[in-house]
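# quick one: sequence plus predicted model below, questions after.
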Amino acid sequence: MPPLHQPDGRLANPVIPGLHPDPSVCRVGGDYYLACSSFEYFPGVPLFHSRDLVHWTQIGNALDRPEQLRLSDAWSSGGIYAPTLRHHDGRFWLIVTNCSKGGGNLIVTATDPAGPWSDPVWAPEVPGIDPDLVWDEDGTCWCTVAGILQVRFDPSTGQTYGTPHRLWSGGPGAKAPEAPHLYRIGDYWYLLIAEGGTERGHGVSIARGPAPTGPFEPCPTNPILTHRGTDHPVQNTGHADLVQAPDGSWWMVLLGVRPGGGTPGWHVLGRETFLAPVTWVDGWPVVGEVSLEAPAPGWPLLPGPAEERRDDFDVHELRPSWISLRDRPAEHYSTKERPGWLTLRARGGSLDEPDVVFAGRRQQHLSCQARTLVDAAAGRGGLAVRLDEQHHYEIEASAREVRVIARVGSLSTVVASQPLSTDPVVVLCVRVTEPPAPHDARTGPDVVSLGVEEPDGTFTALATLDGRYLSTEVAGGFTGRVIGMYAAEGTVHFDWFDYEPLAP
Ligand code: 6LW
């Protein structure tokens, strides 16, 4: 079965679709590894592997133990921001910020990026967010953070030396210089940053100097990448990282969004990971187009293992692509209580609550379908499309009925309901499709249909809702849609879950 999102032989962007922002990439031999932000979701920091920069397979999550990742006080779009992933001295190093009470900057290391990763080393003196790690020719480590501040650092202990000093404040007039990454390339040290804010004004700029500590001269053609002020189908391009391929070519991974609908355009999949080619002119990088489809790089494409569309929960460990909210205690998530089923035991919260028992996967396609067979005889729960606690649509089953609930901001309503004529074991289905024609400036990005699958396989929609209200432009924050199963009351069992793209 071909990978869900890469047509054979071509480079289709995004290379990692769905909520995979702030990508950081490194290469060891012929293997590339990439990490992304994960915010309030547990486990945190998804890790990907590729052998061709085009096909990526999730191999785990760096923070998959409660002692590594405490998110109980993380607000939605708080939690885990912007990792940097590097390989040095035979180990993988990952530094990341936990933006929650009692959080801060932390480092974990591993010899195998698939894990296990170490317990965190905290770096209380490293300020702010977007920490980068680089080692100079003497083996001295420098940590550089948003604002563009830098301090000498020991990542083994989290100890800093001296006071953080400002390296560069970015291009003239651009706000929010952040996402710094330093590289030794040829005769120079290069300092890559994002600026303009992660919305439509986002861009990438670069400077170079004789040492990792500068002084830095800005590239005369900054920003070297931005789509601000254009009608390019990929917007918000920024927060980039550079990597050199074994053939000497250079590539950039970056975040971008694909707004849909009329004006102003709404993105629903979050900020996704894109790939762009980079060439060098007069010692400065020139970024090629961040196109939705492009000729593949000049080496054989090496797809990883195909991603299964269905999860039968027939193994004890949930796949690494499953994410829950803030934690995943065994007493509330079990694949052992009813073998071959995922059992979710509610802890008193609906999807309006930050600790609702929820197991979801990132929505990765603009048109897609998710289905699950649920046994709600002993509880209340179902299938949800979630952006955050104030923005979600769900179809919920209980012993007596199935109902569709919509939460948008302060409004929450039961949009439709129907009694369950059969026993409370039913296939719930969510379909995300293009809005019906005609389309005009007021048209939303998509429609979300929620319903049940009849015994003969036909889909009966109980409600079809405007998808713009589950977009980041409406909800705010830094995340995108996650589609998953939840339990709001009692115990709810799920026999299988499948997700597949639909033809647009
Ligand atoms: C990330 C920072 C940013 O740390 O958003 O808007 C934060 N820019 O670079 C979360 O993605």
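Looks like it arrived, so ask away. Fair warning: this is a prediction, and the values are worked out from it, not measured in the lab.

# which residues are in contact with residue 251?
Applying CB atoms under 8 Å, 6 or more residues apart in numbering, one finds that residue 251 lies in contact with 53, 242, 243, 244, 245, 275, 276, 277, 278, 297. Where C-beta positions appear, they are placed from N, C-alpha and C, glycine not excepted.

# by neighbour count, which of those residues wins?
Among these, residue 275 has the most neighbours (other CB atoms under 10 Å), with 26 neighbours.

# please see if whichever strand or helix holds that residue touches the ligand.
Element membership for residue 275, per DSSP states H and E: strand 272-281. No: Strand 272-281 stays clear of the ligand (CB under 6 Å from any ligand atom), getting no nearer than 12.1 Å.

# so which elements touch that strand?
strand 250-257, strand 284-287 (3 or more CB pairs under 8 Å, 6 or more residues apart in numbering; DSSP states H and E).

# what do you get if the cut-off is 10 Å, keeping everything else the same?
Applying 3 or more CB pairs under 10 Å, 6 or more residues apart in numbering; DSSP states H and E, one finds that strand 272-281 contacts strand 10-12, strand 235-244, strand 250-257, strand 284-287, strand 293-295.

# any chance of those in JSON lines, with distance to the ligand and mean pLDDT too?
Supplementary listing: the helices and strands packed on strand 272-281 in JSON lines, determined by distance: least, CB to the nearest ligand atom, whole Å; pLDDT from 0 to 100:
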{"stretch": "strand 10-12", "distance to the ligand": "23", "mean pLDDT": "86"}
{"stretch": "strand 235-244", "distance to the ligand": "5", "mean pLDDT": "98"}
{"stretch": "strand 250-257", "distance to the ligand": "8", "mean pLDDT": "98"}
{"stretch": "strand 284-287", "distance to the ligand": "18", "mean pLDDT": "98"}
{"stretch": "strand 293-295", "distance to the ligand": "25", "mean pLDDT": "87"}
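
# now render those as CSV, adding distance to residue 436.
Formatted as CSV, those follow (distance: least, CB to CB, whole Å):
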stretch, distance to residue 436
strand 10-12, 26
strand 235-244, 25
strand 250-257, 24
strand 284-287, 38
strand 293-295, 26
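
# which parts of stretch 150-165 are buried?
Of the residues in stretch 150-165, those buried under the neighbour-count criterion (16 or more other CB atoms under 10 Å) are 150, 151, 152, 153, 155, 158, 160, 164.

# ugh, wrong one, I meant stretch 20-40
Per 16+ other CB under 10 Å, stretch 20-40 contains these buried residues: 20-27, 32-40.

# in strands only, show me those.
Using DSSP state E, the members of the buried residues of stretch 20-40 that fall within strands are 24, 25, 26, 27, 32, 33, 34, 35.

# the first one contacts residue 32, doesn't it?
No: counting by CB atoms under 10 Å, residue 24 stays clear of residue 32, with 11.2 Å between them.

# between those two, what contacts are shared?
243, 253 (CB atoms under 10 Å, 6 or more residues apart in numbering).

# residues from the stretch 151-300 of the chain in reach of the ligand?
By the criterion of CB under 6 Å from any ligand atom, the positions of the stretch 151-300 of the chain lying close to the ligand are 178, 179, 194, 197, 198, 239.

# rerun that using 5 Å as the cut-off
For the stretch 151-300 of the chain, the residues found near the ligand under the criterion CB under 5 Å from any ligand atom are 178, 179, 198.

# ok, back up a step: the buried residues of stretch 150-165 in strands, which ones?
150, 151, 152, 153, 160, 164.

# how about JSON lines for these, with distance to residue 427 added?
Listed next are these as JSON lines, based on distance: CB to CB, whole Å:
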{"residue": "150", "distance to residue 427": "55"}
{"residue": "151", "distance to residue 427": "55"}
{"residue": "152", "distance to residue 427": "58"}
{"residue": "153", "distance to residue 427": "53"}
{"residue": "160", "distance to residue 427": "55"}
{"residue": "164", "distance to residue 427": "55"}
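
# any idea which of those is closest to residue 77?
Ranking those by separation from residue 77, with CB to CB as the measure, puts residue 164 on top at 25.4 Å.

# ok, the closest residue to the ligand within the chain - contacts?
Per CB to the nearest ligand atom, residue 198 is where the chain lies closest to the ligand, at 2.9 Å. Shown in contact with residue 198 (CB under 10 Å, 6+ apart): 21-22, 176, 178-179, 236-239, 255, 257, 271, 472, 478.

# pretty sure residue 20 is touching residue 34, no?
Yes: taking contacts as CB under 10 Å, residue 20 lies within contact range of residue 34: 8.5 Å.

# what do those two both touch?
Overlap between the contact sets of residue 20 and residue 34, as judged by CB under 10 Å, 6+ apart, is given by 46, 48, 56, 58, 253, 273.

# show me which of these are buried.
Buried members of those, scored by 16+ other CB under 10 Å, are 46, 48, 56, 58, 253, 273.

# pLDDT value on the second one, please?
What it means is residue 48. In the predicted model, residue 48 carries a pLDDT score of 98.

# in a strand, it, correct?
Yes: remark: residue 48 belongs to a strand, assigned using DSSP: H, G, I helix; E, B strand; the rest coil.

# any idea how far it is from residue 442?
Relative to residue 442, residue 48 is positioned 37 Å away (criterion: CB to CB, to the nearest Å).

# most distant residue from the middle of this structure?
The outermost residue of the chain relative to its centre, with distances by CA atoms, centre = their mean, is residue 421 at 39.4 Å.

# confirm it sits in a strand?
No: following the definition three-state DSSP, residue 421 is coil and is not counted among the residues of a strand.

# and it, what is it in contact with?
Residue 421 touches nothing, counting by CB under 10 Å, 6+ apart.

# and the nearest residue in space to residue 186 that is not next to it in sequence, how many neighbours does it have?
Excluding the flanking residues, the one nearest residue 186 by CB to CB, 6 or more residues apart in numbering is residue 283, at 7.1 Å. A count of neighbours around residue 283, defined by other CB under 10 Å, yields 12.

# ok, residue 283 touching residue 187?
Yes: with contact defined as CB under 10 Å, residue 283 counts as touching residue 187 (7.8 Å).

# give me the common contacts of these two.
Taking CB under 10 Å, 6+ apart as the contact criterion, the residues that touch both residue 283 and residue 187 are residue 208.

# hmm, back to that, Serialize the ones in strands among the buried residues of stretch 150-165 to JSON lines and add fields for pLDDT.
Written out in JSON lines, the entries for these read as follows (pLDDT from 0 to 100):
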{"residue": "150", "pLDDT": "98"}
{"residue": "151", "pLDDT": "98"}
{"residue": "152", "pLDDT": "98"}
{"residue": "153", "pLDDT": "97"}
{"residue": "160", "pLDDT": "98"}
{"residue": "164", "pLDDT": "95"}
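
# low-confidence ranges, this structure, go.
Judged by pLDDT under 70, the chain has its weakly predicted residues at 1-9, 422.
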